[in-house]
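# Predicted structure and sequence below. I'll ask about it afterward.
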Amino acid sequence: MDRFFSLIVEISYTCASLVQVVLASEINALLYSLVFEKMEYLVLLQNGLVVLFTIAISWKLITYMWGSLKMEKEPMKVLVTGAAGMLAQPDSLFGQIGYAIAPMIARGIMLGPDQPVILHLLDIAPAAEALNGVKMELLDAAFPLLKEVHATTDVTEACKDVNIAIMLGGFPRKEGMERKDMMSKNVPIYKEQASALEEHAASDCKVLVVANPANTNALILKEFAPSIPKENITCLTRLDHNRALSQIAERLKVYVTDVKNVIIWGNHSSTQYPDANHAIVTTTNGERLVKELDIDDHWLKNEFINTVQQRGAAIIKARKASSALSAASAACDHMHDWVLGTPKGTWVSMGVYSDGSYGIPKDIIYSFPVKCEKGKWSIVNGLKIDEFSRAKMDVTAKDLIDEKEVAHSCLN
């Protein structure tokens, strides 16, 4: 890179000298023949033009050089846990998300088309062979942005210097299993992984928990990785957010890109509150609130909410497996907007550490509307909350408090 820089500077000086010689000759011949008696002014003008042309060409070369340098970003290290889908049992549903999300990350969908990545794939020992198979497929795809792939069953090795952690690994809830039983399996997993991130991850590591119960898994991770800023530990509710957008778009017969600013409040569970009160749709007459359009208020308060809340169960019933492609896409959306920023005038839903906004209890991971800029999120405050919404928001907050108590009982 130093040699390249020196070459560009040398070219810049050479071009400047050539331009000065050529311009000096041409300007002399022309101007001297016209007004010889005003030599002093012409010399001044000549020198001024030469300087301007030299600056212009040098600036072009410098900006070109800088553009080339900017393209060569340092790779970001991205951890994906549960990447082979073998955590706890061979048919782990979360593994399908891992298999779907890895190529999305490698292709630049998560972090942008100019951001190189190094993937760290983690799973348990019985999954080692399958994990290596995933690694081979990623290498065979020859993704230009994918610089390295590390597949391991060692949590310490997997967490080494990672900038981003996508936490897919977890024990899925089986039929007939109580919530406390599922948490008793997941709490030790997230305690161990939190300790590894705490000790080995980059100090500014951004964490996204996907495995359910996502909000409470994220809370456990936060408690056992105290040096990672609490603002850097989040959970996925973007899937619910995207589902809400698509339901409204389908109802209004518009493109999903024409709808924005729905909100998912609370827990990534059946108690979540999908809120369309502040949602906006772009029409031929400009932007309008969804509730101002010809849409059934009864549908917004009943079928819409129930459909989004139960969409995951409906997909399991239909395909005999949980959401994978849509969950992977939503995880990419979540991290993309967090790192690169949300569009102006648009907010998204993220499960984040509650600071007491909207009267929500502190010390829980709760889904809020957020805007993102320069790698940081901030809660969108000042939205009007009606009585119907208030009740729904409080129900899902209580659900999270109950989960927190169950998780702590598992720790004890």
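That came in fine, so what should we check first?
# so who does the residue nearest to residue 335 when sequence neighbours are not counted touch?
By the measure of CB to CB, 6 or more residues apart in numbering, the closest residue to residue 335 outside its immediate chain neighbours is residue 110, 5.1 Å from it. The way it works is simple: take the backbone N, C-alpha and C, and place the C-beta from them, glycine included. For residue 110, the residues meeting the contact criterion (CB atoms under 8 Å, 6 or more residues apart in numbering) are 78, 101, 104, 331-332, 335-336.
# Of these, just say which sits nearest to residue 387.
Residue 387 has its nearest neighbour among the contacts of residue 110 in residue 331, at 33.9 Å by CB to CB.
# buried stuff in stretch 361-379?
Within stretch 361-379, the residues that count as buried by 16 or more other CB atoms under 10 Å are 363-372, 377, 379.
# so how far is it off the chain centroid?
On the basis of CA atoms, centre = their mean, to the nearest Å, the separation between the geometric centre of stretch 361-379 and that of its chain is 13 Å.
# ok so, going back, which residue in the buried residues of stretch 361-379 has the weakest pLDDT?
By predicted confidence, the buried residues of stretch 361-379 are weakest at residue 363, whose pLDDT stands at 94.
# contacting residues for it?
Taking CB under 8 Å, 6+ apart as the definition, contacts of residue 363 comprise 219, 353-354, 404.
# quick one, phi psi at the nearest residue to residue 388 once chain neighbours are set aside?
For residue 388, the nearest residue in space outside its immediate sequence neighbours is residue 301; the separation is 6.7 Å by CB to CB, 6+ apart. Listed backbone geometry of residue 301 is phi -90, psi -10, with angles given as degrees, to the nearest 10.
# what about residue 301, neighbour count?
Other residues near residue 301 come to 15 when the count uses other CB atoms under 10 Å.
# Please apply the same query to residue 292.
Once other CB under 10 Å is used to define contacts, residue 292 is seen to have 9 neighbours.
# Could you do residue 103 as well?
Residues lying near residue 103 (other CB under 10 Å) number 17.
# and it, that one's in a helix?
Yes - if the criterion is DSSP: H, G, I helix; E, B strand; the rest coil, then residue 103 is within a helix.
# From residue 81, how far off is it?
When distance is defined by CB to CB, to the nearest Å, residue 103 is 17 Å away from residue 81.
# that older thread, which of the buried residues of stretch 361-379 lies closest to residue 140?
When the buried residues of stretch 361-379 are compared against residue 140 (criterion: CB to CB), the nearest one is residue 372, at 34.0 Å.
# could you say which helix or strand contains that closest one?
In this structure, residue 372 is located in strand 365-373 according to DSSP states H and E.
# give me every residue that touches the spatially most central residue of the chain.
Most central in the chain under CA atoms, centre = their mean is residue 335, positioned 1.0 Å from the mean C-alpha point. Contact criterion CB under 8 Å, 6+ apart gives 110-111, 164, 166, 206, 208 as the residues in contact with residue 335.
# Top of those residues by number of neighbours, please.
Among those, residue 166 has more neighbours than the rest - 30 neighbours, counting by other CB under 10 Å.
# I figured it hits residue 100, correct?
No - judged on CB atoms under 8 Å, residue 166 makes no contact with residue 100 at a distance of 11.5 Å.
# In a helix, the residue nearest to residue 335, correct?
No - assigned with three-state DSSP, residue 110 falls outside any helix and is coil.
# got a pLDDT number for it?
98.
# From residue 121, how far out is residue 153?
As defined by CB to CB, residue 153 lies at a distance of 10 Å from residue 121.
# Over to residue 242?
Looking at residue 242 against residue 121, where the rule is CB to CB, the gap reads 25 Å.
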